[in-house]
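Student: can't give you the sequence, but here's the structure:
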């Protein structure tokens, strides 16, 4: 079945440093979604990427979708303590056999 | 965010108890989901309901029994659970099966 691998599992940075998490799917995706879960909270939708090679920005966050639509990345520039949480990617297989598969997530901690 | 509500927020139950988790969405969505989130594991999709019909059951043990009386409400009936079933149970909804999912705050379940 479809697998979505996400690395790294954990990342600890100093405030102000950059952060990147990577997501790889075993199959070509229809689209990919990114979610953030704050400690003690629930996943909250951040963004969806649909087109091959698509790049979207939300303030300090940059999301990319690979040309082959099998990988994606989330990059945070100059992290802040408010960025702490677990970032999940979720790949959508699309078609009649729609299935959204979540990666294991990357837990980001930021040292002030 | 109050689009998707879940009750109770915390639940402690013995292995012989019967309890139910409730989820309600106020977003007019057509699809609803139950997820299990354990420590060190990815989000595990348990059940999917689309227009009140169950469309997915990901090999969930029969001690978990879902019920979807209408598009706005989703229940998860629990009976004779095991300690390893202790986890955060998240409900989510989406407009269509392929859309962004909106998560509720979750029910933190502890099975003694």
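Tutor: Structure received. Remember, predicted model here, so these are calculated numbers, not experimental data. Numbers count the residues shown, from 1 in each chain, chains lettered A, B, ... in the order given.
Student: can you give me the pLDDT of residue 106?
Tutor: Looking at chain A here, since you left the chain open. Per-residue pLDDT puts residue A:106 at 96.
Student: oops, wrong one, chain B.
Tutor: At residue B:106, the predicted lDDT confidence score is 96.
Student: what's around residue 54, how many residues?
Tutor: With no chain named, the answer covers chain A. Summarising burial for residue A:54: neighbours were counted as other Cβ atoms under 10 Å in any protein chain shown, giving 18. Every C-beta, even on glycine, is put in place using the N, C-alpha and C of the backbone.
Student: my question was about chain B
Tutor: Quick note: residue B:54 (other Cβ under 10 Å) scores 12 neighbours.
Student: list the contacts for it?
Tutor: B:47, B:48, B:66, B:68 (Cβ atoms under 8 Å, 6 or more residues apart in numbering or on different chains).
Student: and it, what are its bridge partners?
Tutor: With beta bridges defined as DSSP bridges, residue B:54 has these partners: residue B:49.
Student: ok, now the one 10 residues further on?
Tutor: The partner list for residue B:64 in beta bridges (DSSP bridges) reads residue B:78.
Student: which ones among the contacts of residue B:54 map onto strands?
Tutor: Using DSSP state E, the subset of the contacts of residue B:54 located in strands is B:47, B:48, B:66, B:68.
Student: and those residues, which is closest to chain A?
Tutor: The shortest gap between chain A and any of those belongs to residue B:48, at 9.3 Å (Cβ to the nearest Cβ).
Student: just the buried residues of the lowest-mean-pLDDT helix or strand in chain B, please?
Tutor: Ranking every helix and strand in chain B by mean pLDDT, DSSP states H and E puts strand B:53-57 at the bottom, with a mean of 86. When neighbours are counted by 16 or more other Cβ atoms under 10 Å in any protein chain shown, the buried residues of strand B:53-57 are found to be residue B:56.
Student: do the same with stretch A:38-50
Tutor: Within stretch A:38-50, the residues that count as buried by 16+ other Cβ under 10 Å are A:42, A:43, A:45, A:46, A:47, A:48, A:49.
Student: near chain B too, which of the residues you listed?
Tutor: A:42, A:43, A:45, A:48 (Cβ under 8 Å from any Cβ of the partner chain).
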